[in-house]
Every structure is written in structure tokens, then in C-alpha cells.
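Asks: model this:
(one chain, ligands or ions: 1)
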Amino acid sequence: MTAKLIDGNALAAQIRAEVAGRTAALKARGVQPHLAIILVGEDPASQVYVKHKAADSEQTGLKASLERLPATLSEADLLARIRALNEDPSVHGILVQLPLPKHMDTHKVIETISPAKDVDGFHVASAGALMVGQPGFWPCTPYGCLKMLESIGYDLKGKHAVVIGRSNIVGKPMAMMLLGRDATVTVCHSRTKDLGAITRQADVVVAAVGKRNVLTADMIKPGAVVIDVGMNRNDEGKLCGDVDFAGVKEVAGWITPVPGGVGPMTRAMLLVNTIEAAERSAQ
Ligand SMILES: Nc1nc2c(c(=O)[nH]1)N[C@@H](CN(C=O)c1ccc(C(=O)N[C@@H](CCC(=O)O)C(=O)O)cc1)CN2
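Replies: Take a look at the predicted model:
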């Protein structure tokens with residue numbers, strides 16, 4: 001068996017087109033949706049990501065303002081800048097690119113963003129809203145994974161979904177979203193014993209560990225859906241996920257590639273959250 005590919009680039013393009021339509025409708029009502037992006041420091045990968053986020057925004061008609069702040073900026077100054085953006089009615093979404101320089105408390109920075117503008121969905125208010133099924137913003141990566149499952153018409157009701165990884169921005173919210181779709185969810189992590197015994201029972205596996213080859217062909221039930229959130233480099237420096245793609249695709253029913261899978265969907269869902277924030281503010 002060779003798994004079918006869930007193409008993140010193609011799905012993200014569809015989503016961007018939908019966002020462009022919603023943006024045009026809002027602009028016709030005199031509202032210019034605006035995403036404020038803050039980058040602190042000069043992390044090379046972060047510089048590329050924020051550039052892509054700004055370009056995606058502009059491609060869909062959203063305004064993006066990208067502020068590049070020095071790595072030496074004090075935490076107090078960053079918090080003051082975020083508070084000013086919270087108060088600015090022309091700004092609908094605020095995104096602080098992670099990771100932050102070591103002298104800053106990431107939790108404190110995220111908690112300073114107004115929940116109404118938290119388009120990354122990282123604020124505790126956003127996490128709480130997801131937990132209790134109230135309106136809020138969902139973190140872009142797990143939200144993108146859910147959209148990928150929807151795109152293949154996959155009905156999660158009663159299915160066993162296994163999430164590998166328990167981070168606050170991917171693993172935990174992913175588990176909540178799957179639970180919200182009536183899946184039976186198991187969360188595995190670094191202390192889980194006999195991971196393969198659990199993943200072999202799964203109809204859906206989401207791998208979000210940040211380590212290559214966490215999931216191999218012998219750990220998969222034939223026909224399972226495999227979503228790879230990982231972004232690692234192999235020995236040749238090539239981008240790869242957490243899943244042994246070559247082996248797993250021979251057993252799985254569906255699989256997401258890296259690159260071209262969850263990454264583009266993360267970016268697309270940021271646009272969705274931003275247009276949603278602007279629409280809510282215009283109500
Ligand atoms: N404030 C945030 N910071 C970070 C987030 C986030 O969601 N919000 N996530 C990651 C980085 N990230 C977005 O910021 C991100 C990384 C990669 C991609 C992506 O499209 N990857 C491509 C490959 C890119 C390449 O060739 O290097 C792919 O997988 O196809 C999107 C978003 C950490 N920080």
C-alpha cells in the first residue's frame with residue numbers, strides 16, 4: 001500500500017483564497033484587517049518565517065506591519081510595545097515571533113497580548129476557550145492539522161487518535177481539538193512506555209516531537225492517517241519531519257509530507273485567525 005498525500009501547499013492556497021474573499025468583504029465595509037508582527041533579535045529561521053507571514057498577509061489583502069526589534073531590547077520595553085498595540089484600534093492581530101531572546105519571559109510576553117488580538121492562540125485565555133469549547137483563537141499548527149483531516153473528509157467520531165508530544169502550542173491543543181471532534185485521544189510523550197504498542201492501535205497519529213524517525217513503519221496500523229508536525233534536519237541538512245516518511249508511506253492510508261505539509265497550513269491558519277479577529281472587532 002502507498003499512502004495518499006495530504007498536500008499542505010495546495011490546501012493552504014485554497015484557504016488563502018477564502019481569506020482574500022473575507023478580507024475584500026471587510027474592506028468594502030471600510031475595515032482594513034491588520035496584523036502586527038514583532039520579531040525580537042536576529043534568529044535566522046525566525047527572520048524567514050516573519051517575512052513569509054508578512055508576504056502571505058499582503059497577498060490576501062491583509063495589512064501586515066513587521067517590527068524588527070533588537071535582541072538587546074528589555075522585556076519591559078517589549079511589554080510596553082505590546083500594550084500600545086493592544087490599545088491601537090487599527091490593529092486586529094498581534095504576533096510575537098518565538099523563540100524570544102533568553103532574557104525574556106515568554107509566558108509573560110504572551111500573557112500581555114490582548115486575548116482579542118491573540119491570533120497565535122497562545123494566551124491562557126485562548127487555551128481555556130479551546131478547553132471549554134468557547135469562541136477564541138486556536139493555535140495555528142494544530143488548527144492546520146485539523147483542517148488537513150477535514151480536507152480528506154475524515155470523520156474522527158469514535159476513532160482512536162494518538163498525539164505524540166505534549167507541548168502547550170501543539171500537542172495539548174491538538175488533543176483538545178480531536179476530543180472536540182469526538183475522537184478517543186491518547187497523548188504520548190518522552191516518558192511514554194512502548195510508544196509503538198500505542199501507535200499501532202491508532203486510526204490517526206499526530207507526531208509533534210521535534211525529533212526525526214520517532215514514528216517508523218512498524219509502529220503504524222495499516223491505513224492509518226499520519227500527520228507530521230516535525231521540522232528537523234537530516235544528516236544531509238535537508239528538512240524532514242518526525243516521521244520516517246519513506247517507510248511509513250508504505251503502510252499508512254494518508255500522510256502529510258515535510259516540507260509542504262503542516263508548515264504551510266500553520267501560516268494559512270494565522271491568516272484565518274487574523275481575518276476572524278478583524279471580523280469580530282467589526283461586529
Ligand atoms: N509566534 C509564533 N512563533 C513560532 C510559531 C508560531 O506558530 N507562532 N511556529 C514556529 C515557526 N513557524 C511559524 O512561526 C513556522 C515554521 C515553518 C513553516 C513552514 O512553512 N515550513 C515549510 C518549510 C520552510 C523551510 O523550507 O524552511 C514547510 O514545512 O513546508 C511555517 C511556520 C516557531 N515559532
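Asks: From residue 90, how far out is the residue lying closest to residue 99 once chain neighbours are set aside?
Replies: For residue 99, ignoring the flanking residues on the chain, the nearest one in space by CB to CB, 6 or more residues apart in numbering is residue 43 at 6.8 Å. For every residue, glycine as well, the C-beta is placed using N, CA and C. Per CB to CB, to the nearest Å, residue 43 is found 28 Å from residue 90.
Asks: Contacts only, for residue 276.
Replies: Applying CB atoms under 8 Å, 6 or more residues apart in numbering to residue 276 gives the contacts residue 137.
Asks: What are the boundaries of the helices in the stretch 1-150 of the chain?
Replies: Remark: helices assigned in the stretch 1-150 of the chain by DSSP state H, counting those that start in this stretch are 8-28, 44-59, 75-87, 106-112, 124-132, 140-151.
Asks: most tightly surrounded among those helices?
Replies: The highest mean neighbour count among the helices of the stretch 1-150 of the chain, using mean count of other CB atoms under 10 Å, belongs to helix 140-151: a mean of 23.
Asks: for the ligand, what are the nearby residues on the stretch 51-200 of the chain?
Replies: Proximity of the stretch 51-200 of the chain to the ligand, by CB under 6 Å from any ligand atom, involves residues 95-98, 120, 140-141.
Asks: among those residues, which ones are buried?
Replies: Among those, those classed as buried by neighbour count (16 or more other CB atoms under 10 Å) are 95-97, 120, 140-141.
Asks: Which of the residues you listed sits closest to residue 216?
Replies: Set against residue 216, the nearest of these by CB to CB is residue 141 (22.7 Å).
Asks: Is that closest one in contact with residue 229, as I believe?
Replies: Yes: applying CB atoms under 8 Å, one finds residue 141 in contact with residue 229, separated by 6.1 Å.
Asks: overlap in contacts of those two?
Replies: 170, 208, 262.
Asks: check contacts around the first one.
Replies: Contact analysis of residue 170 by CB under 8 Å, 6+ apart lists 139, 141-142, 208, 229.
Asks: swap in the second one?
Replies: When the contact criterion is CB under 8 Å, 6+ apart, the partners of residue 208 are 141, 163-165, 167, 170-171, 174, 229-230, 242.
Asks: Point me to the residue of the protein nearest the ligand.
Replies: With CB to the nearest ligand atom, the shortest gap between the chain and the ligand falls at residue 263, namely 2.1 Å.
Asks: Check what pLDDT that residue gets.
Replies: Listed pLDDT for residue 263 reads 97.
Asks: is it fair to say it lies in a helix?
Replies: Yes: counting by DSSP: H, G, I helix; E, B strand; the rest coil, residue 263 is part of a helix.
Asks: For the protein, give me the ranges with low pLDDT.
Replies: For the chain, the stretches with pLDDT under 70 are 1.
Asks: just to revisit the earlier point, I figured the residue of the chain closest to the ligand hits residue 230, correct?
Replies: No: counting by CB under 8 Å, residue 263 stays clear of residue 230, with 10.2 Å between them.
Asks: circling back: with secondary structure added, can I get the contacts of residue 208 in TSV?
Replies: Listed next are the contacts of residue 208 as TSV, based on three-state DSSP:
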residue	secondary structure
141	helix
163	strand
164	strand
165	coil
167	coil
170	coil
171	helix
174	helix
229	coil
230	coil
242	coil
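Asks: to the chain's geometric centre, what's the distance from stretch 140-155?
Replies: 11 Å (CA atoms, centre = their mean, to the nearest Å).
Asks: what does that stretch rub up against?
Replies: Around stretch 140-155, the neighbours that count as contacts under CB under 8 Å, 6+ apart are 4, 6, 8, 11-12, 15, 120-121, 156, 169-170, 173-174, 177-178, 181, 204, 206, 208, 225, 227, 229, 254, 256, 261-262, 265-270, 272-273.
Asks: Now, those residues that are in strands?
Replies: Among those, the ones falling in strands (DSSP state E) are 4, 204, 206, 225, 227, 254.
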